[in-house]
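Visitor: requesting a structural model of the entry that follows:
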Amino acid sequence: MFDNLSQKLNKTFKTLKGHGKLSESNIQDALKEVRLALLEADVNYRIVKDFVQDIRQRALGSEVLDSLTPGQQVVKIVNEELTSLMGGSGQGLELSGQTPITIMLVGLQGSGKTTTAGKLALHIRKQGRNPCLVPADIYRPAAIEQLKKLGAQIDIPVYASDNGMKPEDICVDALSKAGEYAYDVLIMDTAGRLHVNEELMDELVRIKNRINLSEILFVADSMTGQDAVNVAKQFDQTLDITGVILTKMEGDSRGGAALSIKAVTGKPIKFIGVGEKLDALEPFFPDRMASRILGMGDMISLIERAQEEFDQKEALNLEKKIKKRDFNLEDFQKQLMQIKKLGSLDKIISMLPGTGQLNMKGLKPDETELVKVEAIINSMTRKERSDYKIIKGSRRKRIARGSGTTVQDVNRLLKNFSRTKKMMEQLTSKGLRSLPSLFN
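Guide: Sure thing, here's the model as predicted:
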């Protein structure tokens, strides 16, 4: 996400940092590039104008011009202004108060509401809640069945509605039965249209009038840019939405919606969808996103993701095995699976500080190599995984045939594993903990 914007901004700031002393002239030139980059990212024109003006006023002050590192001070200012533009601080769901908490998802058809409902339910359950999905879209063919399948996939209950019921009656009935089944959060998936119309809004208003809603979340396709912002404004004027969820942020989104929607509606972005999998929903933190846009990485989110996905007990067992010099290919494979849970390697790398300032074209890791590694280890016997040193010529040929790879691939894996094993033993002997390096 934001790849083009990040590259252009970092190129501009790299030039700016090259000046030992800044003047009004070279600051002006840099801000022209910033303005152009934001407009190309489909950020609202008025927002860009105000944003650049705010930076100009601060950049021409003593905070920058009298600094020993003026270029870095300008980047600091842009980071702060980007954070402010996107909302200042992260705002999560309102889950306090009387239960059940009621959340209504609204938006146009095709924005990803139904899938987002499943993702949101999964996220809420991880916080110790007992959510229930409520299908209130009676118009789109198989919409109710789609939500039921999603619920079954993640083991989340789905209220038994049908196409013969009115949407507002579905929501009211689900609310009346929530206490019976101890559901403390209801997530209502409502119908959408191809465009905003009176019929759609009237239906949503009827639901709102009959239920005391804790949250009304507008779900928008980030790929639609300023169209998403304009539609969000219309929904907000009618329903007074409490927040926004932007979907498809992992794609070719230019970022205009994420950078404009808070300024236009006054309502925060609460989550972003970053993939098709049901765990690919992230809480939105403006400060972290600003850092990622400027190539500073997002180590906090990466650490939080690792804490969520990594098995602490397994990690302690791994440490013991390394200390005993008993770390083998089976353990290596387990660690590979743990790291895959964090998401794509591209995504992990984008969160590391400094990578946004590098030209990663042609240098991004080939994830098919990880698939090869897994296939090779799966083709080994338990004895071979426990002691890789017994894997000689004939065994290597058999493993290559069984995994659909070449002997060279097997040789490369064994060489890399041997190197990683030695490195980990050295680090552990010094009292450090480390995960195996999976890159050549």
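
Visitor: by contact count, what packs against the helix or strand encompassing K32?
Guide: Using DSSP states H and E, K32 maps to helix 24-40. Packing contacts for helix 24-40, counted by 3 or more CB pairs under 8 Å, 6 or more residues apart in numbering; DSSP states H and E, involve helix 3-17, helix 45-59, helix 70-85. No exception for glycine: its C-beta is placed from N, CA and C like everyone else's.

Visitor: for T238, which of those is the nearest?
Guide: T238 lies closest to helix 45-59 among the helices and strands packed on helix 24-40, at 22.5 Å (CB to CB).

Visitor: packing partners of that closest one?
Guide: With contacts defined as 3+ CB pairs under 8 Å, 6+ apart, helix 45-59 has these neighbours: helix 24-40, helix 70-85, helix 256-265.

Visitor: now tabulate those in a markdown table and tack on mean pLDDT and mean neighbour count.
Guide: Formatted as a markdown table, the entries for these read as follows, by pLDDT from 0 to 100; neighbours: other CB atoms under 10 Å:
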| stretch | mean pLDDT | mean neighbour count |
| --- | --- | --- |
| helix 24-40 | 83 | 17 |
| helix 70-85 | 81 | 20 |
| helix 256-265 | 84 | 25 |
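
Visitor: how about CSV for those, with distance to M249 added?
Guide: Formatted as CSV, the entries for the helices and strands packed on helix 45-59 read as follows, by distance: least, CB to CB, whole Å:
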stretch, distance to M249
helix 24-40, 17
helix 70-85, 16
helix 256-265, 7
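
Visitor: for S394, find the nearest of those.
Guide: That would be helix 256-265 among the helices and strands packed on helix 45-59, by CB to CB, at 55.9 Å.

Visitor: if we can go back for a sec, is it possible to get JSON lines of the helices and strands packed on helix 24-40 that adds distance to S96?
Guide: As requested, these are arranged in JSON lines below (distance: least, CB to CB, whole Å):
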{"stretch": "helix 3-17", "distance to S96": "36"}
{"stretch": "helix 45-59", "distance to S96": "32"}
{"stretch": "helix 70-85", "distance to S96": "25"}
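
Visitor: so for S418, which of the helices and strands packed on helix 45-59 sits nearest?
Guide: Among the helices and strands packed on helix 45-59, helix 70-85 comes nearest to S418, with 42.3 Å by CB to CB.

Visitor: dump the C-alpha coordinates for that closest one into PDB.
Guide: As requested, the backbone C-alpha atoms of helix 70-85 are provided in PDB (Å, rounded to 0.1, in the frame of the first residue of the first chain):
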ATOM      1  CA  PRO A  70      17.100  21.000   8.500                       C
ATOM      2  CA  GLY A  71      16.200  18.200   6.000                       C
ATOM      3  CA  GLN A  72      15.400  15.800   8.800                       C
ATOM      4  CA  GLN A  73      13.400  18.400  10.600                       C
ATOM      5  CA  VAL A  74      11.200  18.900   7.500                       C
ATOM      6  CA  VAL A  75      10.600  15.100   7.300                       C
ATOM      7  CA  LYS A  76       9.700  15.200  11.000                       C
ATOM      8  CA  ILE A  77       7.100  18.000  10.300                       C
ATOM      9  CA  VAL A  78       5.700  16.000   7.300                       C
ATOM     10  CA  ASN A  79       5.400  12.900   9.500                       C
ATOM     11  CA  GLU A  80       3.500  14.900  12.200                       C
ATOM     12  CA  GLU A  81       1.200  16.600   9.700                       C
ATOM     13  CA  LEU A  82       0.400  13.300   7.900                       C
ATOM     14  CA  THR A  83      -0.400  11.800  11.300                       C
ATOM     15  CA  SER A  84      -2.700  14.700  12.100                       C
ATOM     16  CA  LEU A  85      -4.300  14.500   8.700                       C
END
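
Visitor: after it, which helix or strand is next?
Guide: Following helix 70-85 in sequence, per DSSP H and E, is strand 101-106.

Visitor: distance from the centroid: which residue in the protein tops it?
Guide: Relative to the mean C-alpha coordinate of the chain, counting by CA atoms, centre = their mean, the farthest residue is S394 (45.0 Å).

Visitor: give me the phi and psi angles of that one.
Guide: The phi and psi torsions at S394 (degrees, to the nearest 10) take the values phi -70, psi -40.

Visitor: what's the spacing between it and R401?
Guide: Taking CB to CB, to the nearest Å as the measure, S394 falls 11 Å from R401.

Visitor: the residue lying closest to T265 once chain neighbours are set aside: how many residues sit nearby?
Guide: In space, and not counting its chain neighbours, T265 is closest to D236: 4.8 Å by CB to CB, 6 or more residues apart in numbering. The tally of other residues near D236 (other CB atoms under 10 Å) stands at 19.

Visitor: which of the helices or strands spans D236?
Guide: Secondary structure here is read from DSSP H and E; on that basis D236 sits in helix 226-239.

Visitor: dump that helix to PDB, restricted to CA.
Guide: In PDB, the C-alpha atoms belonging to helix 226-239 read as follows (Å, rounded to 0.1, in the frame of the first residue of the first chain):
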ATOM      1  CA  GLN A 226     -12.100  10.100  -3.800                       C
ATOM      2  CA  ASP A 227     -15.400   8.400  -4.800                       C
ATOM      3  CA  ALA A 228     -15.100   6.500  -1.500                       C
ATOM      4  CA  VAL A 229     -14.600   9.800   0.400                       C
ATOM      5  CA  ASN A 230     -17.600  11.400  -1.300                       C
ATOM      6  CA  VAL A 231     -19.900   8.400  -0.600                       C
ATOM      7  CA  ALA A 232     -18.700   8.400   3.100                       C
ATOM      8  CA  LYS A 233     -19.700  12.000   3.400                       C
ATOM      9  CA  GLN A 234     -23.200  11.200   2.100                       C
ATOM     10  CA  PHE A 235     -23.600   8.200   4.600                       C
ATOM     11  CA  ASP A 236     -22.300  10.400   7.400                       C
ATOM     12  CA  GLN A 237     -24.800  13.200   6.700                       C
ATOM     13  CA  THR A 238     -27.700  10.700   6.900                       C
ATOM     14  CA  LEU A 239     -26.600   8.200   9.500                       C
END
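
Visitor: from the contact counts, what lies against it?
Guide: Secondary-structure packing of helix 226-239 (3+ CB pairs under 8 Å, 6+ apart): helix 198-210, strand 215-221, helix 256-265.

Visitor: check what pLDDT G295 gets.
Guide: Looking at G295, its pLDDT reads 65.
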